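Asker: just need the structure, nothing else, for what follows:
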Amino acid sequence: MSFRLFEEKHHASLYQQYRLTPADELKELILQYLDKKKGPPYELAVDLGCGTGQNTRLLSPHFQKMVGIDVSECQVEEARAVPGFTNITYSAGPAEVLPFPDDSVDLLTAASAAHWFDAKRFLKEAARVLKPRGCMALFGYADNFKLHYGSCGDRLSNIYEELKKFLLPYTSSQVAVSNSKLQDLYEAIPFPDKERIEVIPVKEEVTVKNLLGLLETYSTYQAYHRADPKAAAALLESTMTRFLGEMGVSSPEAKLEIRLEYFCVLACKPQ
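Answerer: Residues are numbered from 1 along each chain as shown. Model (predicted):
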């Protein structure tokens, strides 16, 4: 089954503005794994479920050619609008049907996207298009992040937990796949050479405005917004007010620290 939940133009615009670029720790982990398992030359990497291209752009300097693919044309349009990356091309399409010859791809990645794929069909395609010793890196972050600002970090984290609890009825079953850190997908990978790293701690600094923008991109919030747009907007506004009140600041441009736990599934196709 395919999931098509991120296709509206407004949602794609939010992705471009507020989605986090994967941390350098993830990039280095992936590149070191590829160096260890395959080694150069690195001709082609493909970023699946690329959204508006944050991960695609991050990895592009390390490959002769980088391709970002997303099922949403609106997401791809946003990605194409970012200038300055001459070795990247984008196309709209599913992760389960890839427009590449057999044994042609050095690296397949998916950042906070693999839980939406049809696992059986995707893994069959991945095995087909990867070069011998080519690698997969599928990663994301758990939704249990902690917020820090002065002495009120626990209270900020509690506000976020309350928001999560409120949106729980709007959670897709596929989000649960992500929250399991891709355990079932990892077990289904047919390659014997694979590993799953459950916790990669990362710290990011974000503004309150951008944190609320990030929350607005989540599929749970978007599902609530479709059900009741006015109530959803009011929820974001009240959450913003509570954050600012706890921090003792008036500007949504005030910065706080967000601590995330990334996870990553790595696999290497046999020779």
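Asker: show me where the chain has strands.
Answerer: 44-48, 65-70, 88-92, 105-111, 130-141, 146-148, 193-207, 255-268 (DSSP state E).
Asker: take the ones you listed and lay them out in a markdown table including distance to residue 27, mean neighbour count and mean pLDDT.
Answerer: From N, CA and C alone the C-beta is placed, and that goes for glycine too. Converted to a markdown table, these look like this (distance: least, C-beta to C-beta, whole Å; neighbours: other C-beta atoms under 10 Å; pLDDT from 0 to 100):
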| stretch | distance to residue 27 | mean neighbour count | mean pLDDT |
| --- | --- | --- | --- |
| strand 44-48 | 12 | 26 | 98 |
| strand 65-70 | 13 | 24 | 97 |
| strand 88-92 | 15 | 17 | 97 |
| strand 105-111 | 10 | 26 | 97 |
| strand 130-141 | 10 | 22 | 96 |
| strand 146-148 | 23 | 18 | 94 |
| strand 193-207 | 11 | 14 | 95 |
| strand 255-268 | 11 | 20 | 95 |
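Asker: between the ones you listed, which gets nearest to residue 170?
Answerer: Among these, the nearest to residue 170 by C-beta to C-beta is strand 130-141 (18.8 Å).
Asker: which one of the strands of the chain lies nearest to residue 80?
Answerer: Nearest to residue 80, of these and by C-beta to C-beta, is strand 88-92 at 5.3 Å.
Asker: that older thread, so for residue 161, which of the strands of the chain sits nearest?
Answerer: strand 146-148 (9.8 Å).
Asker: show me the contact partners of that closest one.
Answerer: Contact with strand 146-148 is made by 153, 156, 157, 160, 211, 256, 257, 258, 259, as judged by C-beta atoms under 8 Å, 6 or more residues apart in numbering.
Asker: can you list the strands that it pairs with?
Answerer: Note on strand 146-148: by DSSP bridges, its sheet partners are strand 255-268 (antiparallel).
Asker: and residue 154, how far from residue 102?
Answerer: 53 Å (C-beta to C-beta, to the nearest Å).
Asker: ditto for residue 21
Answerer: Counting by C-beta to C-beta - residue 21 and residue 102 are separated by 32 Å.
Asker: between these two, point out the one with more neighbours.
Answerer: Set residue 21 next to residue 102 and count neighbours by other C-beta atoms under 10 Å: residue 21 wins out with 14 against 10.
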